[in-house]
Structures are given as C-alpha cells and as structure tokens.
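Student: Mind looking at a prediction? Sequence and model below.
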Amino acid sequence: MAGAFWCMVEDDRQGNPKKVMAEVLGEATRLAGQQGADVEAVWLTDKATSEGLKLLGELGAKRVWLLEGPAFAPYKGEVWTPVIAELAGKESPQAIFAPVTTRQRELMARLAARLGAGLSADSTALAIEDGKLVATRPVYAGKLLSKVTWARSPWLATLRPNVFRPAEPQPNAAAHVECPAVSAPTGSMSLVERREESSTGLPELAEAEIVVSGGRGLKGPENFVVLEALASVVGAAVGASRAAVDAGWRPHRFQIGQTGRTISPKLYMGFGISGAIQHLAGMRTSKVICAVNKDPEAPIFKIADYGIVGDLFEVAPLLTTEFKKLLEK
Ligand SMILES: Cc1cc2nc3c(=O)[nH]c(=O)nc-3n(C[C@H](O)[C@H](O)[C@H](O)COP(=O)(O)OP(=O)(O)OC[C@H]3O[C@@H](n4cnc5c(N)ncnc54)[C@H](O)[C@@H]3O)c2cc1C
C-alpha cells in the first residue's frame with residue numbers, strides 16, 4: 001500500500017484534538033482514498049485522553065502514532081522535529097498535513113527543512129493530479145492564488161482553518177493506537193513563564209464560525225462592548241483591524257489581516273473598518289461578508305455580500321436586538 005497520509009494533531013493542551021482536526025482528517029481521507037492510502041494521525045502530547053484518541057479514529061484516522069511524554073509539553077520545535085523526522089524516516093508517509101496554527105506552522109517549516117521536503121503553507125485547496133498532490137495557496141496578500149506541486153514526497157502542507165470540509169464522525173470507526181519508542185532530545189530552550197489567556201467566554205478567533213470585527217471607526221477601546229454584546233448573542237468571536245490593534249484597543253492576537261490572523265468563518269461582520277488590502281488578506285475567504293460603514297465609498301463594500309451604510313453605534317445595537325429576538329424564537 002502507498003505511504004500513509006499523516007495528520008499532525010493540534011490539541012487543546014488538555015488531551016483533546018481541536019475542532020480543526022476534523023477538517024484536516026476529512027481532507028486527508030478524501031485525498032488518501034484517491035491514492036489507495038490510509039490516513040494516520042501523529043500526536044505529540046504529555047497527556048492524551050481516551051476520548052481524544054477515540055475521536056481521531058471516528059474522524060478517519062486508521063492509526064494514531066502516539067508520542068506521549070513530559071518532554072513533548074510545552075511544545076518545542078527542537079524537540080518535536082527530530083522525533084517526527086525519525087518516525088517519518090521509518091514509515092515513509094506520502095503526505096504530512098497540519099492545520100495552520102502557531103505551533104504547527106513552525107513545526108512544519110522545521111520538519112520540511114529536516115526532511116529536505118517541500119511545504120505548501122496556508123493551503124486553501126488540495127487535489128491529486130496525475131498521482132501527485134497539487135496545492136492552491138494565496139500569495140501577495142491574497143491578491144493571487146498560486147498552484148504548487150512537489151518534486152518528491154513526502155508532501156508537506158498546512159491547511160487553512162474553516163476552508164476544508166470537516167469529516168463527519170463515524171461512531172463505529174476506531175484507530176489502532178501505536179506508541180513507538182523514540183528518544184526525545186533535551187531541548188536547549190526552557191520555559192520561563194506561562195501566562196494563560198483570560199477567557200472572554202467567546203469562541204477562539206481562528207475557529208469561530210461567526211466573527212464580528214471592529215476598526216478605527218469604533219473610536220476607542222471602551223466601545224468594543226458594543227461588538228461584544230452582538231458577539232455573545234450570535235456566538236461570534238471578536239476580531240479587530242490593525243488600526244484598532246496599533247491604537248492599543250485590542251491585543252495583537254485579535255488582529256485580522258496580512259500581519260495578523262487569517263480567518264475564513266461562515267459569516268464575517270466588519271464594523272468601522274475601511275477594507276484596506278492588508279485587512280482583506282486575512283478575511284476575504286469568509287463565506288459571507290457583511291460590512292457596516294458610514295462611508296458609502298469604503299472599499300470593504302466592494303467585497304461585501306451585504307453592506308449597511310450607517311453609523312455602527314446605531315446599527316450594531318439594532319442588529320443585537322434583532323438577532324436576539326430571532327434566536328429566542
Ligand atoms: C505592511 C502592512 C501590513 C498591514 N497589516 C494589516 C493587518 O494585518 N490587518 C489590518 O487590518 N491592517 C493592516 N495594515 C493596515 C491597513 O493598511 C489599514 O491601515 C488598516 O486596516 C485600517 O484599519 P481600519 O479599517 O480600522 O481604519 P481606517 O482605514 O481608518 O477605517 C475606519 C473606517 O471606519 C469608518 N467609520 C468611522 N466612524 C464610523 C461609524 N461611527 N460608523 C461606521 N463606520 C465608521 C470610516 O468611514 C472608515 O472607513 C497593514 C499595513 C501595512 C503597510
């Protein structure tokens with residue numbers, strides 16, 4: 001059988017694969033089927049839960065390579081990379097996929113260098129053509145799409161969240177769990193301090209199906225409450241433009257755009273955001289785009305599916321009230 005399609009597991013640090021893994025495993029299953037190959041998950045963690053392992057099987061992994069131990073948390077690229085490279089050397093996977101997350105982006109770049117293999121970062125589409133993987137990825141801040149292929153396997157790719165069709169869990173499917181003996185090197189980096197993000201109670205920006213985003217038009221950090229009220233009614237994450245982040249109104253992790261996060265939710269609602277190309281680079285693949293701006297000439301209206309020309313301080317509370325009524329029905 002052809003080498004397997006590996007999926008690197010991104011977890012919540014509590015032993016559970018993140019939601020995005022349904023998308024990575026779903027896409028890997030679709031492509032591996034065309035190659036007559038299996039899908040396998042590779043999970044480095046200090047604590048895997050049995051529910052997490054069960055879920056990976058239900059989402060399509062035939063086998064889970066479980067590398068479990070205290071050396072694997074917190075994530076250190078210099079520790080993870082040689083271990084995965086060693087396993088890849090023995091098992092010869094055909095492809096290695098991972099979601100676009102902070103640590104997987106770094107890990108996959110390191111792994112590609114270690115394996116002397118190619119990496120398509122931030123892929124938005126994947127296909128098998130003439131028996132080889134072809135990836136589509138945005139370039140020039142999303143203005144162009146490039147198609148890339150690999151000179152040889154393994155084909156490494158990171159997959160943009162919220163783009164690929166998630167696997168439907170199959171309750172009866174189970175993965176064979178394999179715990180290979182590996183020697184994890186001691187890293188030269190050590191953890192000095194860990195600060196937990198204080199929870200906003202709202203979904204995580206990159207995983208949210210709905211994102212409400214605010215820009216300079218909000219006029220100050222205190223006014224983000226207007227968007228948070230709307231977000232809590234519709235179950236959205238709150239993002240921001242760089243202008244709002246540079247002004248110190250929101251932390252950088254909430255910035256959407258070329259130098260921030262790339263999101264692709266089902267619904268993006270922008271309030272007081274002009275629609276600069278660098279902002280669009282981070283949200284233009286959203287399924288439905290709605291913009292609220294008092295300037296009818298604002299560039300964001302060019303890519304918006306729905307536009308409201310008006311004052312966000314009037315429109316946002318009205319939307320909150322109306323959504324609340326609708327959702328309570
Ligand atoms: C290298 C580089 C990288 C960059 N990376 C990013 C990035 O990652 N993300 C990003 O967002 N930007 C990025 N930028 C900055 C980008 O070019 C814009 O400056 C920024 O996106 C503008 O933010 P904004 O839309 O909030 O502000 P503005 O462009 O000032 O727009 C504010 C909008 O609010 C509207 N408005 C004002 N008051 C109201 C109201 N009461 N009701 C309704 N509408 C109102 C105005 O009509 C206006 O359209 C980058 C720039 C560079 C050069």
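Tutor: Yes, it's here. Numbers count the residues shown, from 1 in each chain.

Student: Quick one: neighbours of the residue nearest to residue 67 when sequence neighbours are not counted, just the number.
Tutor: Excluding the flanking residues, the one nearest residue 67 by C-beta to C-beta, 6 or more residues apart in numbering is residue 44, at 4.6 Å. In short, each C-beta sits where N, CA and C put it, glycine included. Neighbourhood size, residue 44 [other C-beta atoms under 10 Å]: 24.

Student: and whatever helix or strand residue 44 lives in, average pLDDT?
Tutor: Per DSSP states H and E, residue 44 falls inside strand 39-45. Mean pLDDT, strand 39-45: 98.

Student: Buried ones in it, by neighbour count?
Tutor: 39, 40, 41, 42, 43, 44, 45 (16 or more other C-beta atoms under 10 Å).

Student: what's the answer for stretch 207-227, then?
Tutor: By 16+ other C-beta under 10 Å, the buried positions in stretch 207-227 come out as 207-208, 210-218, 223-224, 226-227.

Student: Of those residues, which belong to strands?
Tutor: 210, 211, 212, 213, 214 (DSSP state E).

Student: gap between the fourth one and residue 156?
Tutor: From residue 213 across to residue 156, the span is 31 Å (C-beta to C-beta, to the nearest Å).

Student: got it, and the second one?
Tutor: Distance check for residue 211 against residue 156: by C-beta to C-beta, it reads 28 Å.

Student: Quick one: name the residues of the stretch 151-300 of the chain near the ligand.
Tutor: Within reach of the ligand by C-beta under 6 Å from any ligand atom, the stretch 151-300 of the chain has these residues: 215-217, 241-244, 255-260, 272-274, 276, 278-279, 282, 292-295, 298.

Student: pLDDT below threshold where in the protein?
Tutor: Per-residue confidence for the chain (pLDDT under 70) gives these ranges: 1.

Student: can you pull up the bridge partners for residue 8?
Tutor: Counting by DSSP bridges, residue 8 forms beta bridges with residue 42.

Student: hmm, back to that, who are the packing partners of the strand holding residue 44?
Tutor: Contact analysis of strand 39-45 by 3 or more C-beta pairs under 8 Å, 6 or more residues apart in numbering; DSSP states H and E lists strand 5-8, helix 21-35, helix 50-58, strand 63-68, helix 77-91 as its packing neighbours.

Student: Just say which of these is most tucked in.
Tutor: strand 5-8 (a mean of 29; mean count of other C-beta atoms under 10 Å).

Student: chain center to it, what's the gap?
Tutor: Relative to its parent chain, strand 5-8 has a centroid offset of 15 Å by C-alpha atoms, centre = their mean, to the nearest Å.

Student: neighbouring contacts of it?
Tutor: Defining contact as C-beta atoms under 8 Å, 6 or more residues apart in numbering, one finds that strand 5-8 is touched by 21, 24-25, 28-29, 31-32, 35, 37-42, 61, 65, 84, 88, 93-99, 104, 107-108, 154.

Student: Return the angle between stretch directions for the strand or helix carrying residue 270 and strand 210-214.
Tutor: Under the criterion of DSSP H and E, residue 270 resides in strand 267-271. For strand 267-271 against strand 210-214, the angle by axes from the mean of the first three to the mean of the last three C-alpha atoms, to 10 degrees is 10 degrees.

Student: Pull out the buried residues from the helix or strand that strand 267-271 is followed by.
Tutor: Counting by DSSP H and E, the next helix or strand C-terminal to strand 267-271 is helix 277-280. Residues of helix 277-280 classed as buried: 279, 280 (neighbour count, 16+ other C-beta under 10 Å).

Student: Show me what helix 277-280 is packed up against.
Tutor: Against helix 277-280 (3+ C-beta pairs under 8 Å, 6+ apart) you get helix 300-303.

Student: Tell me the helix or strand right after the helix it packs on.
Tutor: strand 306-309.

Student: Packing partners of the next helix or strand after that next one?
Tutor: Counting by DSSP H and E, the next helix or strand C-terminal to strand 306-309 is helix 312-328. Judged by 3+ C-beta pairs under 8 Å, 6+ apart, the packing partners of helix 312-328 are helix 224-234, strand 267-271, strand 288-293.

Student: which parts of helix 312-328 are buried?
Tutor: Of the residues in helix 312-328, those buried (16+ other C-beta under 10 Å) are 312, 315, 316, 319, 320.

Student: okay, the residues you listed in JSON lines with distance to the ligand next?
Tutor: Output for those, formatted as JSON lines (distance: C-beta to the nearest ligand atom, whole Å):
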{"residue": "312", "distance to the ligand": "4"}
{"residue": "315", "distance to the ligand": "7"}
{"residue": "316", "distance to the ligand": "9"}
{"residue": "319", "distance to the ligand": "13"}
{"residue": "320", "distance to the ligand": "15"}
